[in-house]
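# heads up, no residue letters with this:
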């Protein structure tokens, strides 16, 4: 009778160790999933930064070309017209205001 009683009641240390192993496995899986999600996010950020780098490189090439040509006044004029909407004194500009 004593043997049957001990076999039915599992040793508490064994139960604790199995529970600890399961908990550790779950924590490891959650950590792996979290790390993969963070890795995907970082890769996306890297792609966006690479695109920005290319844009800045193109702008830098334009600036270098302007400085090599020594055409600073032409560059200033181009920026004034394109970026700040300046116009020549005799120039007439028409704007479509029907879309407002």
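Arrived safely, thanks for sending. Predicted model only: the values in this text are computed from it and were never measured.

# counting by contacts, list what the lengthiest helix in the chain packs against.
The residue-count maximum for a helix in the chain (DSSP state H) belongs to helix 12-69. Counting contacts by 3 or more CB pairs under 8 Å, 6 or more residues apart in numbering; DSSP states H and E, helix 12-69 is packed against helix 72-82. Where C-beta positions appear, they are placed from N, C-alpha and C, glycine not excepted.

# so what touches the helix it packs on?
66, 86-87 (CB atoms under 8 Å, 6 or more residues apart in numbering).

# coming back round to it: kindly calculate the angle that the longest helix of the chain makes with helix 72-82.
Relative orientation of helix 12-69 versus helix 72-82 (axes from the mean of the first three to the mean of the last three CA atoms, to 10 degrees): 120 degrees.

# spatially central residue in the chain, please.
residue 45 (2.1 Å; CA atoms, centre = their mean).

# give me the neighbour count for residue 38.
By the criterion of other CB atoms under 10 Å, residue 38 has 10 neighbours.
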